[in-house]
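my questions are about this predicted structure, shown below with the sequence.
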Amino acid sequence: LVSTLSTINAKFSIIGLAETNIDPSAKETFKIPNYNSVYQNKAPGKKKGSGICLYIHESLTYTENYSLSIRNDDIETLFIDIRFNSSVTITAGVVYRPPSGNINKFIEHMSKVLSSIKTSQDSIIMGDFNINMFVNNKHSRELEEQIICNGFTPTISVATHIKPKCQPSCIDNILVNNPN
């Protein structure tokens, strides 16, 4: 990741990763220069397909938002609140939906998370939702409905998952409640 970031001509305030497969105890092993990191514990007993983290640029002041952070068989979330001054806070988070989890329960949890975020403050949610937004089916429609009904907008409309001999899909996204 560090070598990839060095080739990109952009600086990111926040970087969200899903499926890290590590716990907070190993975060010192995966440092990115000029960033602090926050990790969610990976699911017990899972060797892969679990664990999420946020890298926050060291210039930002943040606190973990435990009320929005969840880890169960159906969803993993990790949120922080970034304070810019006494009156401006941005909520940022990363979400992962384990494909082995119950997709209906994921959408229920996601709905609760989205509705819990104050609409008066800017928020950004990035993640691997493992629901293909290119396919018009019950689950993609339900997730999209929850996103939009809670004041968020998906910002990615291109393929995010491309594998040989497979249909390209849009399973990763960045949701914002203030597109400006």
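Now that the structure is in, tell me what you want to look at.

use CA for all of it now, contacts and neighbours both
Fine.

just checking, what packs against the lengthiest helix in the chain?
If you go by DSSP state H, the chain has its longest helix at helix 103-116. Taking 3 or more C-alpha pairs under 8 Å, 6 or more residues apart in numbering; DSSP states H and E as the contact definition, the neighbouring helices and strands of helix 103-116 are helix 138-149.

now for the helix it packs on, which elements pack on it?
helix 103-116.

what mean pLDDT does the helix it packs on have?
Mean pLDDT, helix 103-116: 96.

relative to helix 138-149, how tilted is it?
Counting by axes from the mean of the first three to the mean of the last three C-alpha atoms, to 10 degrees, helix 103-116 lies at 0 degrees to helix 138-149.

offset the numbering so it begins at 348, please.
With 348 as the first residue, the last one maps to helix 450-463.

kindly export helix 450-463 (C-alpha atoms) in CSV.
Taking Å, rounded to 0.1, in the frame of the first residue of the first chain, the C-alpha atoms of helix 450-463 are listed here in CSV:
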residue,chain,number,x,y,z
ILE,A,450,-27.4,-10.1,3.4
ASN,A,451,-30.9,-9.1,4.8
LYS,A,452,-29.4,-8.5,8.2
PHE,A,453,-26.5,-6.5,6.7
ILE,A,454,-29.1,-4.2,5.1
GLU,A,455,-30.9,-3.9,8.4
HIS,A,456,-27.6,-3.0,10.2
MET,A,457,-26.7,-0.6,7.4
SER,A,458,-30.0,1.2,7.7
LYS,A,459,-29.5,1.7,11.4
VAL,A,460,-26.0,3.0,10.9
LEU,A,461,-27.1,5.4,8.2
SER,A,462,-30.1,6.7,10.2
SER,A,463,-27.9,7.2,13.3
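
check which element follows it along the chain.
strand 470-475 (DSSP states H and E).

strands along this structure, start to end?
Here the chain has its strands, by DSSP state E, at 361-365, 382-387, 399-404, 408-411, 417-418, 423-432, 435-443, 470-475, 500-501, 519-523.

pick the most deeply packed of those strands.
strand 399-404 (a mean of 23; mean count of other C-alpha atoms under 10 Å).

who's in contact with that one?
Contact partners of strand 399-404, identified using C-alpha atoms under 8 Å, 6 or more residues apart in numbering, comprise 359-368, 379, 381-389, 423-425, 440-443.

centre of the chain versus it, how much separation?
Relative to its chain's centre, strand 399-404 lies at 10 Å (C-alpha atoms, centre = their mean, to the nearest Å).

which residues sit in contact with the residue nearest in space to the middle of the chain?
The geometric centre of the chain, computed from its C-alpha atoms, lies nearest to residue 441 (C-alpha atoms, centre = their mean), at 2.0 Å. Neighbour list for residue 441: 363, 364, 365, 399, 400, 401, 424, 425, 426, 472, 473, 474 [criterion: C-alpha under 8 Å, 6+ apart].
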